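Student: Next one to model:
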Amino acid sequence: MTAPQRLAQLLDQVAAGARVPYLGAGVAASLAGDQPASPAALCAAIEARVTAPKRARGNLWAVAQFVESRRFRKTLDGLVQEAFAAAPPPGPLHRWLARVRPPLIVDAWYDSALLDAAAEVGGDGDDRWGWVQGVSRNGAWEPIWTRAYDARGALVGEAPDPGWRTLIYKPHGLVRPGHSFLISDSDYVEVLTEIDIQSPIPAEVQARRTGRPFLFLGCRFDDQLLRLFARQIAKRSGPGHAAVIEAPLTRMEARFLDELGIERLDLPLSAVTDALATPA
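Tutor: Below is the predicted model of the structure:
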């Protein structure tokens, strides 16, 4: 079986609800506009406005912590909101996922393209979906792990509705006015302390991942924090994970894929769009 044929098979499993799609920042790179599409790009956008110390430069989480510590959280939030202000329309992958409505989608970047696509499809009358997002415990936010919102964007509490056909999980939060996100070292300190025992991961997410392997799209695992989140979110799911990651891999990425038993398809992310455009 060729790599494109295998990719088509994996996407069929996603559409059937048998595999969980896990979207990384790289999916945003396929969209129009100049929104940040990687931690490095977002870090550069912040550093273009603030001079960070040499020891922190190039590290998103450390630069965000510097801004938060020296200029307060409000300044950091403003810089990040500004970086994501030019929200491009959803891409083919977002719209396809919104149409097929798998039980669980993990969206591990800060943008709202997937939510926008789900809202467009929901306009046809299917509003049985919602999202749950990680929230920062800094500032005015309550000491809780998550907030859940229905298809209309209304807050429903900390936990999602088990009756939703599709649940979108945004573990790092959402950059949108009125919402929260994790980005600084201090945001992550408590989450990382608890995530091994799964406390920050909603019970409904844990239930929907059970027995289902993951398909990682637009993900790179060259950052320790991103590897840690992916490892814990995929914990106690089904065997047989797969990822579309074009070579070359870093040493730590190769080790991570081997550790989790992730089958790698050496293809560009554009191959996913091509597969979706090809008649079955």
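Student: quick one: low-confidence parts of the stretch 101-250 of the chain?
Tutor: Scanning the stretch 101-250 of the chain for pLDDT under 70 picks out 123-125, 139-142.
Student: hmm, try it at 80
Tutor: Low-confidence segments of the stretch 101-250 of the chain, defined by pLDDT under 80: 122-126, 138-142.
Student: how about the strands in this protein?
Tutor: 20-23, 104-107, 129-134, 146-150, 155-157, 166-170, 214-217, 242-244, 263-265 (DSSP state E).
Student: what sits against residue 121?
Tutor: For residue 121, the contact set (Cβ atoms under 8 Å, 6 or more residues apart in numbering) comprises 95, 98-99, 101. Quick note: C-beta positions are derived from backbone N, CA and C, even for glycine.
Student: rerun that using 7 Å as the cut-off
Tutor: Residues in contact with residue 121, defined by Cβ atoms under 7 Å, 6 or more residues apart in numbering, are 98-99.
Student: Tell me how far it lies from residue 52.
Tutor: Separation of residue 121 from residue 52 (Cβ to Cβ, to the nearest Å): 40 Å.
Student: cool, residue 228 as well?
Tutor: In terms of Cβ to Cβ, residue 228 sits 23 Å off from residue 52.
Student: ok, and what's touching stretch 59-74?
Tutor: In contact with stretch 59-74 (Cβ under 7 Å, 6+ apart) are residues 39, 42-43, 46-47, 50, 52-53, 56-57, 75-76, 79, 138-139, 183-186, 188, 225.
Student: same check, this time on stretch 217-234
Tutor: Applying Cβ under 7 Å, 6+ apart, the set of residues contacting stretch 217-234 is 21-27, 39, 61, 106, 108, 171, 188, 192, 195-196, 201, 214, 241, 243-244, 250, 252-253, 256, 260, 269, 272.
Student: In PDB, please show the C-alpha coordinates belonging to it.
Tutor: What follows is stretch 217-234, C-alpha atoms only, in PDB (Å, rounded to 0.1, in the frame of the first residue of the first chain):
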ATOM      1  CA  LEU A 217      -2.000  16.200  11.300                       C
ATOM      2  CA  GLY A 218       0.100  19.400  11.200                       C
ATOM      3  CA  CYS A 219       2.000  18.400  14.300                       C
ATOM      4  CA  ARG A 220       5.700  18.600  15.000                       C
ATOM      5  CA  PHE A 221       7.100  17.000  18.200                       C
ATOM      6  CA  ASP A 222      10.400  19.000  18.400                       C
ATOM      7  CA  ASP A 223       9.200  20.800  21.600                       C
ATOM      8  CA  GLN A 224       9.100  19.000  25.000                       C
ATOM      9  CA  LEU A 225       5.800  20.700  26.000                       C
ATOM     10  CA  LEU A 226       4.000  19.700  22.800                       C
ATOM     11  CA  ARG A 227       5.300  16.100  23.200                       C
ATOM     12  CA  LEU A 228       4.100  16.000  26.800                       C
ATOM     13  CA  PHE A 229       0.600  17.200  25.900                       C
ATOM     14  CA  ALA A 230       0.300  14.800  23.000                       C
ATOM     15  CA  ARG A 231       1.500  11.800  25.100                       C
ATOM     16  CA  GLN A 232      -1.000  12.500  27.900                       C
ATOM     17  CA  ILE A 233      -4.000  13.300  25.600                       C
ATOM     18  CA  ALA A 234      -3.400  10.000  23.700                       C
END
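Student: So for it, what gets flagged as buried?
Tutor: Using 16 or more other Cβ atoms under 10 Å as the test for burial, stretch 217-234 gives 217-221, 223, 225-230, 232-234.
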